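S.K.: quick one, structure for this:
(3 chains)
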Amino acid sequence: MTMIFNIPFIAVVAMIFIGLYAVLFKRNLVKMVIGISIIESGVNLFLITLGYREGGVVPIFTSAPSEVVKNAPGSMVLPVPQALTLTSIVIGVAVLALMLSLIMHIYEHYGTLDVRKIRGPEE
Amino acid sequence: MIDTFLKSLETGSGFWNPLVLGLAIIIALLLIYIIRGFGKKDYKKGTEQTKAFLSGNPEYSKDEMHIKGKNLYWGFTQALKSVYNVLEKMHNGNTSDYVLWFVIIIGALFIIIGVI
Amino acid sequence: MNWFELITLHSPPLIVAVPLLTAFLTPLVSKINEIVRNLFVLIMLCITGLLVLILGYDVLTNGIRTYVFGGGAPLPSGMNIPVRIMFEIDSMTIFMVIITIILAIICILYSWSFMKDQDGLDKYYTIILLLVTSIFGMELTGDLFNFFVFLEISCITSCALIAFYVHKKESLDAAFKYIVISSIGALFILFAIGLLYAQYNALNMATIANAIQFTFFDKIVLVLLVTGLAMKSGLAPMHMWLPDAYSSSPASVTFILVGATLAGLYGGLRVIFTIYGNQLLNTGFTFYPGLLIGIIITTLGVLSIFIGVFMALKRSDFKKMIAYTAVAEIGYMFLAIGSYLIGLALSVPDNPQMLVAGTYALKGGLFHILNDALDIGLLFLVAGAVYYATKQTSLNSLGGLARNMKYTTIFFLIGLLAVSGMPPMNGFASKLLIYQSTYQISPILSIIAIICSIMLLAVFVKVFQSIFLGPEIPSLKNVKEVPKSMLAAMALVACIIIFIGLFPNIIIDNLVTPAAEALQNTTSYISTIVGGA
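M.R.: Modelled structure (predicted):
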């Protein structure tokens, strides 16, 4: 039964490894960027999983059930991981947009998206 | 007083004072200037004296005379060719390989720090 | 409370806020006039510099400062861990912030005429200022997630700046490599921060450092953080993005990128010395963790020195050569820091002279951060000047520039002597500290360091010979000396280099020694937050 609760963590590790596989072994630049995006989703999933508390209540003081406020104010969840995840998603979008726009420019100049063929000239 | 002046940079097992070295450089420059004064004074501009002498060969154009970057340290790089082959292979410009190095280092450190 | 105390109190957030606001005001101001925009950016950075001096004076005289956002106390009522974001400033932070502000001001001064002919300059200044903001943030913050956010801002802005020459193949290529590698590194850092949060329920560095146990997960976190930040600072063999990025961006950008790289190094120091500071001599293992980390860092540092010097010797592009020597210089810093860790571990139980030697190594390493930023920076500025005047950087097509560019040649000579550790420049002072102290740790380290330093000299003799000396090349007959603002920027760096070279004790006593003591004294950093609560 305890195995069930570990599934999110297994999914996190799996996503990170899938993403790394895509970055390391895929030749297409867009696929590499998809890999980075998958790693990022894995890390976000990790943060969200950390934030889950069984029996917790949303920490909005005015809309919490009155018995919770009266009896167990400690069951309100400190929303730090959620805040971290939101920030991380926003940053991820910025990085993704930047990478994709760079890929567009790279395709204009090199005419290919193969990672082995785009390289700065040595010497 | 002179002691603290000398030890302006202590290095644990010694000391170093750049001002003393600066003094030494100035004295050396003076000596060089004096020695230069002993040189011959019959140098004339615009005569045969100023022309480059290349063992009797004709002088090349200015462009070809200059020793360029690729001419220097040829022997060194040739002698260490095996090292350079490895190094050039490392810097192959492939992004995936660069990420692979990062992953390899993480893995190696996991083994070293995690196991021991 | 008079106005000066008020400024002193609020200087930490202002140091971040002033460049940030300036960044977004610059596009508006540039609608008026180019000169007004440049002056505006320069003046605002000078104001930031003033704030840095005020904060620095305060911290160096009164000890560690904290600044809590959203309230006076680190703890809201009913909490037993700090949840608020806070800045924590000790002498090490001050040291790095001073380096950053020097780099930023000189970069803007240099950009004045160097970037004159480019378009999109309002955005260029915005991104430069954002990069400066992110570097300040990384250095001032006492919160791990905040550190990550600033790290990502610096990734994004650096990538945008590296791709500034968007019409050039190499810049795009280098920018893409940089963003892929650094975003993966940053994601691993975020994962590590998540692991720390899962265990200790805190994001504050001091709180985590107080609670840390060196469990299995802590080892994973240590590996991820150290590797990620070492990658950001360009340690071999994860340095490959660095030469590409440095060599294909404009020289003024490279100058500030050096600062961003060093901020990564600062993050690594914080992780090792603050978060894991109390665990370095943990006796629960076969070896001290500090000894293992020290050996690893020293090995990688020596490897970077080797790779940097060897690759630089063979390159024939001016900027790429300097970039590889920058890798070597980073190696010197890591060598010194690793030597300190080894010395610390060897000094237990009864070998105190090892700790003394290690402390001198640490001082040398920290001093070398300042010297590396100035020396490598000056060389990049000279490379930019050569590019500005001749529109090329290949050693195979340049020559005889000393005839037309006298001042640039002198500045290059100063940078050459400084970077290869020739007395009486500043590079020698810090390298001497590193040589003599690593000799006591292990003579072989010091021998390698000296040999590679000589090879650095060889590298730059090659550059000097093939670019500045030699007969006048007909195609370069009409080359002119670069404009005054670029000369002024280079002269400023050269003056600082010579000043530090002649009076190293002033910098060592007032900045480097407090910084080294702040790093060694983990307890005072922790107790400022935790002890007061």
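
S.K.: okay, the residue of the stretch 1-150 of chain C found nearest chain A and chain B: tell me how far apart.
M.R.: Relative to chain A, the nearest point of the stretch 1-150 of chain C is residue C:145 (5.6 Å; CB to the nearest CB). (C-beta placed from N, C-alpha, C; glycine too.) Distance, residue C:145 to chain B, by CB to the nearest CB, to the nearest Å: 21 Å.

S.K.: tell me, how many residues neighbour that residue?
M.R.: Neighbour count for residue C:145, taken as other CB atoms under 10 Å in any protein chain shown: 23.

S.K.: leaving out the residues flanking it, which one is nearest to it?
M.R.: Distances taken as CB to CB, 6 or more residues apart in numbering or on different chains put residue C:203 closest to residue C:145, at 4.9 Å, once the chain neighbours are dropped.

S.K.: swap in residue C:238?
M.R.: Nearest one to residue C:238, counting by CB to CB, 6+ apart, is residue C:231 at 4.2 Å.

S.K.: against residue C:330, how distant is the one you found?
M.R.: For residue C:231, the distance to residue C:330 equals 11 Å [CB to CB, to the nearest Å].

S.K.: and for residue B:10?
M.R.: Relative to residue C:330, residue B:10 is positioned 26 Å away (CB to CB).

S.K.: the more surrounded of the two?
M.R.: residue C:330 (31 against 15).

S.K.: OK, contacts around residue 116?
M.R.: By default, I'm working from chain A. Contact analysis of residue A:116 by CB atoms under 8 Å, 6 or more residues apart in numbering or on different chains lists A:27, B:94.

S.K.: meant chain C actually
M.R.: Residue C:116 sits next to no residue when contact means CB under 8 Å, 6+ apart.

S.K.: other residues contacting the helix or strand hosting the residue nearest to residue C:238?
M.R.: Using DSSP states H and E, residue C:231 sits within helix C:216-232. Contacts with helix C:216-232, where a contact means CB under 8 Å, 6+ apart, come from B:102, B:105-106, B:109-110, B:113-114, C:151, C:181-182, C:185-186, C:188-189, C:191-192, C:195-196, C:198-199, C:212, C:238, C:261, C:263-265, C:267-268, C:271-272, C:275-276, C:279, C:289, C:293, C:297, C:300, C:334.

S.K.: point to the residue nearest the middle of the chain.
M.R.: As the question left the chain open, I've gone with chain A. residue A:41 (2.5 Å; CA atoms, centre = their mean).

S.K.: and the residue of chain B closest to chain C?
M.R.: residue B:69 (2.6 Å).

S.K.: number of nearby residues for the residue nearest to residue C:238?
M.R.: 30.

S.K.: wait, what's in contact with the closest residue to the residue nearest to the centre of chain A other than its chain neighbours?
M.R.: Excluding the flanking residues, the one nearest residue A:41 by CB to CB, 6+ apart is residue A:15, at 6.0 Å. The contact partners of residue A:15, by CB under 8 Å, 6+ apart, come to A:38, A:39, A:41, A:42, A:45.

S.K.: please identify the helix or strand for residue C:373.
M.R.: Following DSSP H and E, one finds residue C:373 within helix C:352-390.

S.K.: so does that helix get close to chain B?
M.R.: Yes - shown here: helix C:352-390 in contact with chain B (CB under 8 Å from any CB of the partner chain) through C:356, C:357, C:359, C:360, C:364.

S.K.: next one: stretch C:454-463
M.R.: Yes - in terms of CB under 8 Å from any CB, part of stretch C:454-463 sits within range of chain B, namely C:458, C:462, C:463.
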